[in-house]
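Visitor: I need the structure of the sequence given here:
(one chain, ligands or ions: 2)
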Amino acid sequence: MPIKLAIHGAAGRMGRRVVALASQDKQIQIVAALESAGSHFLGHDAGLVAGGEKLGVSLSVVGESAADVVIDFSVPDAGIAIVDHCLQSKKPLVIATTGFEPDQKEFIAAAAEQIPIVFAPSMSTAVNLVMKLTEIAGKVLKDYPSGVDVEIIERHHRFKEDAPSGTALKFGEIVAEAMGLTDHVHGREGRTGKRTPQEIGYHAVRTGDNPGEHTIVFGMLGETIELRVAASNRDCYAQGAILAAKWLVGRPAGMYGMKEVLGL
Ligand SMILES: NC(=O)c1ccc[n+]([C@@H]2O[C@H](COP(=O)([O-])OP(=O)(O)OC[C@H]3O[C@@H](n4cnc5c(N)ncnc54)[C@H](O)[C@@H]3O)[C@@H](O)[C@H]2O)c1
Ligand SMILES: O=C(O)C1=N[C@H](C(=O)O)CCC1
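Guide: Residues are numbered from 1 along each chain as shown. Ligands and ions are numbered 1, 2, ... in the order given. Below is the predicted model:
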């Protein structure tokens with residue numbers, strides 16, 4: 001039996017790619033394509049909106065559905081609303097949306113005590129592998145004699161609404177944990193004084209249609225390491241979210257990441 005999937009934010013840039021790829025996956029049946037009450041795509045066929053063939057599923061607002069699992073690529077407030085909906089209907093949820101406030105993250109963590117949730121700022125296998133490499137590099141370089149300056153540079157498209165990216169923040173958490181660093185510095189301007197050894201620097205570039213690029217710079221005196229991962233389109237994220245949804249069905253309540261999904 002195919003897994004019945006609902007996609008939240010289905011008319012967005014990511015939602016459309018999830019619809020397009022999931023509709024070609026024999027292990028998946030799309031049963032709901034959800035959008036905001038103000039969306040002018042409501043009532044339109046989700047497959048056609050995604051640029052493919054007619055699917056027979058109209059875009060609708062959140063309501064009761066036969067879904068076994070939900071994928072969310074929307075905006076933070078809508079993400080919280082779908083968490084609440086999944087909590088009430090006891091449905092597993094893959095949260096790919098970024099930009100949540102700390103209290104919203106607490107709400108998600110509390111929800112994960114009752115339903116299974118995959119919550120990851122990047123669904124990409126390559127990005128999650130580079131997170132593992134970053135952890136290894138951080139641990140090896142922690143006590144490097146000259147000291148190590150870590151800076152995280154991310155580039156995304158001009159439409160992105162949050163900065164730095166959720167992925168950059170996650171890279172920063174990994175570095176902080178691996179190297180014992182405590183200060184997160186967002187950009188620099190003016191007479192900042194010398195860089196301190198406790199800093200992790202973040203730089204968010206917004207240009208054109210870039211689907212996502214992250215570079216982690218480990219700068220020593222005499223040598224530099226850069227770990228870079230770049231998407232050329234959004235399908236790496238959509239495929240990862242579909243993989244996570246399949247993996248999540250039947251799991252016990254809990255908070256999972258792509259680390260668990262990918263077995264990293
Ligand atoms: N985790 C990942 O791998 C990953 C990858 C790409 C994007 N993202 C994140 O996913 C989110 C969406 O990105 P995008 O580029 O598709 O954005 P987008 O703006 O193109 O799409 C968001 C969609 O959510 C819809 N939406 C807004 N309010 C809603 C509501 N109340 N109910 C239902 N739908 C609602 C919008 O109408 C829109 O269609 C962003 O937070 C982005 O950072 C995460
Ligand atoms: O397009 C976006 O928006 C992306 N957001 C994610 C993030 O904030 O980390 C990463 C993938 C693309």
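Visitor: Could I get the full set of strands for the stretch 51-200 of the chain?
Guide: 59-60, 69-72, 93-95, 116-119, 149-156, 183-186, 199-206 (DSSP state E, counting those that start in this stretch).
Visitor: The fifth one to strand 199-206, inter-axis angle?
Guide: Same thing as strand 149-156. With axes from the mean of the first three to the mean of the last three Cα atoms, to 10 degrees defining the directions, strand 149-156 sits at 20 degrees from strand 199-206.
Visitor: if we can go back for a sec, just put the strands of the stretch 51-200 of the chain in JSON lines and tack on distance to ligand 1.
Guide: Just so you know, the C-beta spots here come from the backbone N, C-alpha and C atoms, and that holds for glycine as well. Formatted as JSON lines, the strands of the stretch 51-200 of the chain follow (distance: least, Cβ to the nearest ligand atom, whole Å):
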{"stretch": "strand 59-60", "distance to ligand 1": "9"}
{"stretch": "strand 69-72", "distance to ligand 1": "8"}
{"stretch": "strand 93-95", "distance to ligand 1": "8"}
{"stretch": "strand 116-119", "distance to ligand 1": "9"}
{"stretch": "strand 149-156", "distance to ligand 1": "8"}
{"stretch": "strand 183-186", "distance to ligand 1": "17"}
{"stretch": "strand 199-206", "distance to ligand 1": "12"}
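Visitor: now for the ones you listed, which one comes closest to residue 260?
Guide: Shortest distance between residue 260 and the strands of the stretch 51-200 of the chain, using Cβ to Cβ, is found for strand 116-119: 7.8 Å.
Visitor: what's the average pLDDT for the closest one?
Guide: Mean pLDDT, strand 116-119: 98.
Visitor: can you list the residues of the chain near ligand 1?
Guide: Within reach of ligand 1 by Cβ under 6 Å from any ligand atom, the chain has these residues: 8-9, 11-15, 34-36, 39, 73-75, 78, 96-99, 120-124, 237.
Visitor: tell me the pLDDT at the nearest residue to residue 205 once chain neighbours are set aside?
Guide: Nearest residue to residue 205 in three dimensions, chain neighbours excluded: residue 155, at 4.2 Å (Cβ to Cβ, 6 or more residues apart in numbering). pLDDT recorded at residue 155 is 98.
Visitor: what does residue 65 give?
Guide: What the model reports as pLDDT for residue 65 is 88.
Visitor: what's the answer for residue 16, then?
Guide: 98.
Visitor: Now it: which helix or strand?
Guide: helix 13-22 (DSSP states H and E).
Visitor: and for that helix, what are the contacting residues?
Guide: 5, 7-10, 28, 30, 33, 35, 46-47, 49-52, 55, 71, 73-74, 96, 159, 234-235, 237-239, 241-242 (Cβ atoms under 8 Å, 6 or more residues apart in numbering).
Visitor: Helices - which of those land there?
Guide: 46-47, 49, 235, 237-239, 241-242 (DSSP state H).
Visitor: Out of those residues, the closest to residue 82 would be?
Guide: Closest to residue 82, out of all of the ones in helices among the contacts of helix 13-22 and judged by Cβ to Cβ, is residue 241, at 13.6 Å.
Visitor: quick one, what contacts the closest residue to residue 93 other than its chain neighbours?
Guide: Nearest residue to residue 93 in three dimensions, chain neighbours excluded: residue 86, at 4.3 Å (Cβ to Cβ, 6+ apart). Shown in contact with residue 86 (Cβ under 8 Å, 6+ apart): 70, 92-93, 111, 115, 117.
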